[in-house]
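Asks: this one's structure only:
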């Protein structure tokens, strides 16, 4: 049973589409279909029901899926273990990171790593921290460099790399910018611009308002902090931004009568997924 056939099967099962599986594996749709057909012939059983454009796993497919994932993981672990025995820093390093960290924290580390270890194929994906966390939990990435979850899953190992202080901000001509100090009650009547409610950052802000039984009116939502900054800067509402985005003076930091909000940024990996030499070296660079 060829591992390439199993990779195609898992990709189709997870994406629900032959074309999407092809995009994930950088293959054409006919190539994916051929691998699935070969695997079905080897097992003498259909793995997918095909009704129009919709596909779903058959009973045989549902039975095979967890075993296929386990086999692929064990093969990948074996390949890493052999390479690690030779002390080599090469192969593939897959990383999921948030847009903010990827744009404002990682560039110097990525530059240093790629210059020092050119034989490592870096597979970098930009995802929301919450999605990246789930992807690492499913074993799809070696590392996640993200905003850390308030409560960590016991299957995840994490290292805090940065402490990010968050600031309440408005446009310079916003009515709130003319007042100091402010309370959360002063902010409550005004429209906020925040990331989606399932993000760790917005959960921190929502908790502050909920503790004081204050309404939080979120009028606009964007998960990209650079976009949020632009929307705040033109007066569409108040928002919350990390210190790293305030140096250019485009927004006005508000003075509030409560301790600063901080969030933890760092690296995560699955405890049951062995780290190869490339991942271990990258973690060392992150920790400084």
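Replies: On my side now, so go ahead. All values derive from a computational prediction rather than experimental measurement.
Asks: Buried residues, stretch 244-259. List them.
Replies: For stretch 244-259, burial by neighbour count (16 or more other CB atoms under 10 Å) applies to 245-246, 250-252, 254, 256. Every residue, glycine included, has its C-beta placed from N, CA and C.
Asks: So for it, first residue to last residue, what's the gap.
Replies: End-to-end distance for stretch 244-259: 18 Å, by CA to CA, to the nearest Å.
Asks: ditto for stretch 214-225
Replies: 24 Å.
Asks: Check which helices and strands the worst-scoring helix or strand of the chain on mean pLDDT sits against.
Replies: Across the helices and strands of the chain, mean pLDDT, DSSP states H and E gives its lowest value to helix 59-85, namely a mean of 83. Here helix 59-85 touches helix 3-15, strand 91-97, helix 277-287, going by 3 or more CB pairs under 8 Å, 6 or more residues apart in numbering; DSSP states H and E.
Asks: next one: the helix or strand following the shortest one to chain centre, how far?
Replies: Looking back up the chat, that one is strand 91-97. Downstream of strand 91-97, the first helix or strand assigned by DSSP states H and E is helix 99-104. Mean-position distance between helix 99-104 and its chain equals 11 Å (CA atoms, centre = their mean, to the nearest Å).
Asks: and what of stretch 126-135?
Replies: 2 Å.
Asks: Could you shift the numbering so residue one becomes 186, and keep it that way?
Replies: In the new numbering, first residue 186, that becomes stretch 311-320.
Asks: okay, the angle between the lengthiest strand in the chain and helix 462-472?
Replies: For the chain, the strand that runs over the most residues, judged by DSSP state E, is strand 341-355. Counting by axes from the mean of the first three to the mean of the last three CA atoms, to 10 degrees, strand 341-355 lies at 40 degrees to helix 462-472.
Asks: possible to save the helices and strands packed on helix 244-270 as TSV with mean pLDDT, mean neighbour count and distance to residue 342?
Replies: Formatted as TSV, these follow (pLDDT from 0 to 100; neighbours: other CB atoms under 10 Å; distance: least, CB to CB, whole Å):
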stretch	mean pLDDT	mean neighbour count	distance to residue 342
helix 188-200	92	20	24
strand 276-282	92	21	15
helix 462-472	93	18	10
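Asks: Out of the buried residues of stretch 429-444, the closest to residue 402 would be?
Replies: Residue 402 lies nearest to residue 439 out of the buried residues of stretch 429-444, by CB to CB, at 16.2 Å.
Asks: so who does the closest residue to the closest one other than its chain neighbours touch?
Replies: Spatially, and ignoring its direct neighbours in sequence, residue 439 is nearest to residue 353 (4.4 Å; CB to CB, 6 or more residues apart in numbering). The neighbourhood of residue 353, defined by CB atoms under 8 Å, 6 or more residues apart in numbering, consists of 367, 372, 423-425, 438-439, 441.
Asks: So what does the residue lying farthest from the centre of the chain look like in phi/psi?
Replies: Distance to the chain centre peaks in the chain at residue 229, reaching 38.3 Å (criterion: CA atoms, centre = their mean). In terms of degrees, to the nearest 10, the main-chain angles of residue 229 are phi 50, psi 40.
Asks: residue ranges of the helices in the stretch 336-473 of the chain, please?
Replies: In the stretch 336-473 of the chain, the segments counted as helices under DSSP state H, counting those that start in this stretch are 369-372, 385-396, 410-418, 462-472.
Asks: Report pLDDT for the spatially most central residue of the chain.
Replies: In the chain, the C-alpha nearest the mean C-alpha coordinate belongs to residue 317, at 2.5 Å (CA atoms, centre = their mean). Per-residue confidence (pLDDT) for residue 317: 95.
Asks: Report the secondary structure state of it.
Replies: Following DSSP: H, G, I helix; E, B strand; the rest coil, the label given to residue 317 is helix.
Asks: That one - nearest residue in space that isn't next to it in sequence?
Replies: With CB to CB, 6+ apart as the criterion, residue 317 has its nearest non-adjacent residue at 3.8 Å, and that residue is residue 281.
Asks: wait, what's in contact with the one you found?
Replies: Contacts here follow CB under 8 Å, 6+ apart; on that basis residue 281 touches 310-312, 316-317, 320-321, 325-326, 328-331.
Asks: Tell me what it is bridged to.
Replies: Residue 281 has the following beta-bridge partners by DSSP bridges: residue 310, residue 329.
Asks: That one and residue 288, how far apart?
Replies: 14 Å (CB to CB, to the nearest Å).
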